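In: Here you go, sequence then predicted model.
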Amino acid sequence: MMDKSVKTGKFSAVLAYLTIFGTIIAFTLNHEHKRPLASFHIRQALGIHLTFYGLGLMVSFFDSWLISAPFYLFIVSLWGYGFICAAQGQLRETPLLGKYFQKWFSSIQ
């Protein structure tokens with residue numbers, strides 16, 4: 001049986017991956033009662049969302065599926081990995097960028 005704080009932390013962790021608005025909502029839910037699982041995944045999800053928008057802006061200048069397809073595959077892979085880890089309640093960083101997301105957004109507790 002799951003503890004209520006773990007269940008709430010897991011809910012916020014999963015919610016963080018559902019659009020940038022989900023990340024903002026998860027952040028506000030986690031603001032009063034800090035849950036390590038939720039904080040970890042909020043940082044990961046925020047990094048993935050910002051990477052999507054930042055790289056997406058650069059990729060949008062190219063009119064080639066040879067450039068845009070790998071970009072979307074990369075983002076979907078990061079998102080899927082993070083989402084599955086959050087749903088399982090695991091604290092695993094996303095490949096390649098996860099350690100940077102944890103460092104850059106360390107002020108999110």
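Out: In hand now; what should we look at? Numbers count the residues shown, from 1 in each chain.

In: which one in the protein is furthest away from the centre?
Out: Distance from the C-alpha centroid of the chain peaks at residue 63, with 27.6 Å (Cα atoms, centre = their mean).

In: who touches it in this structure?
Out: Counting by Cβ atoms under 8 Å, 6 or more residues apart in numbering, residue 63 makes contact with nothing. In short, each C-beta sits where N, CA and C put it, glycine included.

In: Helix or strand: which one has it?
Out: Taking DSSP states H and E as the definition, residue 63 sits outside all helices and strands.

In: same deal with residue 81?
Out: Under the criterion DSSP H and E, the helix or strand holding residue 81 is helix 65-88.

In: Against which helices or strands is that helix packed?
Out: For helix 65-88, the elements it packs on are helix 4-16, helix 36-59, judged by 3 or more Cβ pairs under 8 Å, 6 or more residues apart in numbering; DSSP states H and E.

In: now the helix or strand just after it, how far from the centre of its chain.
Out: The C-terminal neighbour of helix 65-88 among helices and strands, as given by DSSP H and E, is helix 98-104. In terms of Cα atoms, centre = their mean, to the nearest Å, the gap separating the centre of helix 98-104 from the centre of its chain is 11 Å.

In: Also stretch 33-44?
Out: Mean C-alpha position of stretch 33-44 versus that of the full chain (Cα atoms, centre = their mean) differs by 10 Å.

In: Alpha carbons of it, in PDB - could you do that?
Out: Once side chains and other backbone atoms are set aside, the C-alpha atoms of stretch 33-44 remain, and they are given as PDB (Å, rounded to 0.1, in the frame of the first residue of the first chain):
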ATOM      1  CA  HIS A  33       4.700  20.200   0.900                       C
ATOM      2  CA  LYS A  34       8.100  19.400  -0.700                       C
ATOM      3  CA  ARG A  35       8.200  15.900  -2.100                       C
ATOM      4  CA  PRO A  36      11.600  14.700  -3.500                       C
ATOM      5  CA  LEU A  37      10.000  12.600  -6.200                       C
ATOM      6  CA  ALA A  38       7.900  15.400  -7.500                       C
ATOM      7  CA  SER A  39      10.700  18.000  -7.300                       C
ATOM      8  CA  PHE A  40      13.000  15.700  -9.200                       C
ATOM      9  CA  HIS A  41      10.600  15.100 -12.000                       C
ATOM     10  CA  ILE A  42       9.400  18.800 -12.200                       C
ATOM     11  CA  ARG A  43      13.100  19.700 -12.900                       C
ATOM     12  CA  GLN A  44      13.400  17.000 -15.500                       C
END
